[in-house]
Structures are given as structure tokens and as C-alpha cells.
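Enquirer: return atomic coordinates for the entry below.
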Amino acid sequence: LFKQPESTHHGDCPICLLPLPLDLDCYTMRSCCSKIICDGCSVAFTMQQMQQMLDEKCPFCRKPVPTEEENIRYRMKRIEAN
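Expert: Okay, the predicted model is just below:
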């Protein structure tokens, strides 16, 4: 009943390699690296950074979390590339 699906059309989380859930509220796309990361990995990484009093970074590429202006610039760059 609670078995994880083998895969979804969203692919797998690049950190834990588990299939991404079908529920859109359970994962996040990072604009800095365009990776979709499950909320479990995202929360675990954020908690680790808070405990160590570090600046918030992306759990995949380790870049600092972009500002809103940088988010827009990254998305536009990604749109132009495709």
C-alpha cells in the first residue's frame, strides 16, 4: 500500500535517487542549477546548514540561494537555451 513507485514522469531526486512524488507540493526546482529536488533532501540540507549556522545554499550545486532578480535571470537564461 505504501510502496514507492519505481519511477515517475518527474524522474528521480538527484541527491537521494528516490522517485520524485507525483504531488507537485513535495519537491522544488532550484533555479540556480535547474534541478528538481525532493522536499526531504531540501529540508534535511537546510536543517544541517541552520545547525552549523551557515549561509543557505542549494543542496545540489552548493551555490548561494539566489535573490529574486537572480532567479528571474537564471530562468530567462534557461528559457533562451531551450
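Enquirer: looking at the most centrally placed residue in the chain now. What's its pLDDT?
Expert: For the chain, the residue sitting closest to the mean C-alpha position, by Cα atoms, centre = their mean, is Ile37 at 3.1 Å. Per-residue pLDDT puts Ile37 at 93.
Enquirer: what pairs with the helix or strand encompassing it, parallel or antiparallel?
Expert: Following DSSP states H and E, one finds Ile37 within strand 36-38. Sheet pairing of strand 36-38 (DSSP bridges) gives strand 27-29 (antiparallel).
Enquirer: which positions within the strand it pairs with qualify as buried?
Expert: Neighbour counts over strand 27-29 (16 or more other Cβ atoms under 10 Å) mark Tyr27 as buried. To be clear about C-beta, it is placed using only N, CA and C from the backbone, and glycine gets the same treatment.
Enquirer: got the contact list for it?
Expert: Applying Cβ atoms under 8 Å, 6 or more residues apart in numbering, the external contacts of strand 27-29 come out as His10, Cys13, Leu20, Pro21, Lys35, Ile36, Ile37, Cys38, Asp39, Ser42.
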